[in-house]
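K.L.:
Coordinates only, no sequence provided:
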């Protein structure tokens, strides 16, 4: 849980800095960005499961 809070805090700080400098926020559109991250996470978990299930 500590990692989640630190990551959220880092994101807020970066968002504030980019907004203060009048730069576009370095993030993808909300829903597609979140779904991309979820997809990467699921793929990583699926890989670990496949390796453990069929190759150990």
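P.N.:
Good, I have the coordinates. In this text, all values refer to a predicted model and were calculated from it rather than measured experimentally.
K.L.:
What segments of the chain are helices?
P.N.:
Here the chain has its helices, by DSSP state H, at 2-20, 30-54.
K.L.:
contact partners of the last one?
P.N.:
With Cβ atoms under 8 Å, 6 or more residues apart in numbering as the contact definition, helix 30-54 has outside contacts at 27, 28. The way it works is simple: take the backbone N, C-alpha and C, and place the C-beta from them, glycine included.
K.L.:
pLDDT averaged over that helix - what is it?
P.N.:
Taken as a whole, helix 30-54 has an average pLDDT of 91.
K.L.:
Tabulate the helices of the chain (CSV), appending mean neighbour count.
P.N.:
As requested, the helices of the chain are arranged in CSV below (neighbours: other Cβ atoms under 10 Å):
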stretch, mean neighbour count
helix 2-20, 10
helix 30-54, 10
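K.L.:
Distance check, residue 18 against residue 45.
P.N.:
Look at residue 18 and residue 45: by Cβ to Cβ, to the nearest Å, they are 31 Å apart.
K.L.:
Equivalent analysis for residue 31, please.
P.N.:
From residue 31 over to residue 45 (counting by Cβ to Cβ), the distance is 21 Å.
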